[in-house]
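>>> Fold the following.
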Amino acid sequence: MKKKACKKCKYFVDGNECPVCKGNQFSTNWQGRLHILDSSKSEIAKKIGSEEKGEYAIKVR
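Numbering: from 1, shown residues only. Below you'll find the predicted structure:
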């Protein structure tokens with residue numbers, strides 16, 4: 001089964017609500033993954049506006 005990503009913040013979600021932005025619109029049509037381990041030290045996390053560690057999609061349709 002393909003993972004679903006939040007359309008708003010691109011965080012990979014298992015349930016019916018995104019734990020990061022509290023959104024409820026998801027897509028299984030995504031490309032690429034980012035793994036943020038420490039958002040306070042990550043330059044990529046700052047560029048995408050992430051404050052939470054976890055797995056993010058690069059592109060969500």
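>>> switch to C-alpha atoms for all contacts and neighbour counts from now on
Will do.
>>> Tell me where this structure has strands.
4-6, 12-13, 26-27, 30-36, 54-60 (DSSP state E).
>>> With respect to burial, which of those strands scores highest?
Of all the strands of the chain, strand 4-6 carries the top mean neighbour count, a mean of 24, counting by mean count of other Cα atoms under 10 Å.
>>> Which other helices and strands does it contact?
For strand 4-6, the elements it packs on are strand 12-13, strand 26-27, strand 54-60, judged by 3 or more Cα pairs under 8 Å, 6 or more residues apart in numbering; DSSP states H and E.
>>> residues in contact with Arg61?
By Cα atoms under 8 Å, 6 or more residues apart in numbering, the residues touching Arg61 are 7, 27, 29-30.
>>> As JSON lines, the helices and strands packed on strand 4-6 with mean pLDDT would be great.
Below are those laid out as JSON lines (pLDDT from 0 to 100):
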{"stretch": "strand 12-13", "mean pLDDT": "96"}
{"stretch": "strand 26-27", "mean pLDDT": "97"}
{"stretch": "strand 54-60", "mean pLDDT": "95"}
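>>> Adding distance to Leu37 as columns, could you present those in a markdown table?
Shown next, in a markdown table, are the helices and strands packed on strand 4-6 (distance: least, Cα to Cα, whole Å):
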| stretch | distance to Leu37 |
| --- | --- |
| strand 12-13 | 14 |
| strand 26-27 | 23 |
| strand 54-60 | 7 |
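>>> Now for this protein, the helix or strand with the poorest mean pLDDT.
Here the helix or strand of the chain ranked lowest by mean pLDDT, DSSP states H and E is helix 43-48, holding a mean of 91.
>>> For that one, list every residue counted as buried.
Neighbour-count burial for helix 43-48, counted by 16 or more other Cα atoms under 10 Å, picks out Ala45.
>>> what do you get for stretch 20-28?
20, 26-27.
>>> Show me the contact partners of that stretch.
Here stretch 20-28 has contacts from 2-9, 11, 16-18, 52, 60-61, using Cα under 8 Å, 6+ apart.
>>> Alright, that wraps it up for me.
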